[in-house]
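> requesting a structural model of the entry that follows:
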Amino acid sequence: MWIRLIEVKIKHDKLDEARKIYNEEIVPTVKSRKGNIDMFLMESNDRECVVISFTSWETQENGEAYEKSGTYVKMVNKVKHTFAGMPTLWSYEVKK
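Numbers count the residues shown, from 1 in each chain. Predicted coordinates for the structure are as follows:
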């Protein structure tokens with residue numbers, strides 16, 4: 001399994017809007033992609049307006065195919081006006 005985490009600070013007055021776009025538009029699109037296992041938004045209890053998008057994929061190839069398809073950029077463009085800073089991305093492989 002391959003995990004992608006994207007952390008970003010959201011403008012305080014845009015948090016509700018970002019959450020709505022994420023859950024209503026981005027999640028259904030990503031979940032429909034080949035190899036996607038799950039996707040959800042985590043909100044920090046310690047840092048105001050900091051969120052992490054968690055996306056899991058069956059394989060790294062599935063996740064990278066989604067990113068290379070252009071859909072990833074389209075999804076980011078839906079919410080980037082709510083960002084208060086640049087996102088940070090991390091990738092992890094789950095090994096058993």
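> quick test: name the residue nearest the centre of this structure.
The centroid of the chain falls nearest to Ser53 when counting by CA atoms, centre = their mean (3.6 Å).
> so, low pLDDT: which residues of this protein?
Across the chain, nothing is flagged by pLDDT under 70.
> what ranges does it have for its helices?
15-21, 27-31, 60-68, 71-79 (DSSP state H).
> so which bits of the second one are buried?
Same thing as helix 27-31. Buried positions in helix 27-31, judged by neighbour count with 16 or more other CB atoms under 10 Å: Val27, Thr29, Val30. Any C-beta I mention is one placed from the backbone N, CA and C, and that applies to glycine too.
> hmm, Met39 and the residue nearest to the centre of the chain touching each other?
Yes: the criterion here is CB atoms under 8 Å, and Ser53 meets it with Met39 at 7.2 Å.
> Leu89 reaches Ile3, doesn't it?
No: counting by CB under 8 Å, Ile3 is not a contact partner of Leu89; they are 11.1 Å apart.
> so which of these two has more stuff around it?
Ile3 (17 against 11; other CB atoms under 10 Å).
> dump the residue contacts of that one.
Phe54, Thr55, Ser56, Trp57, Ser91, Tyr92, Glu93, Val94 (CB atoms under 8 Å, 6 or more residues apart in numbering).
> now the residue nearest to the centre of the chain, nearest residue through space, not along the chain?
Distances taken as CB to CB, 6 or more residues apart in numbering put Ile6 closest to Ser53, at 4.4 Å, once the chain neighbours are dropped.
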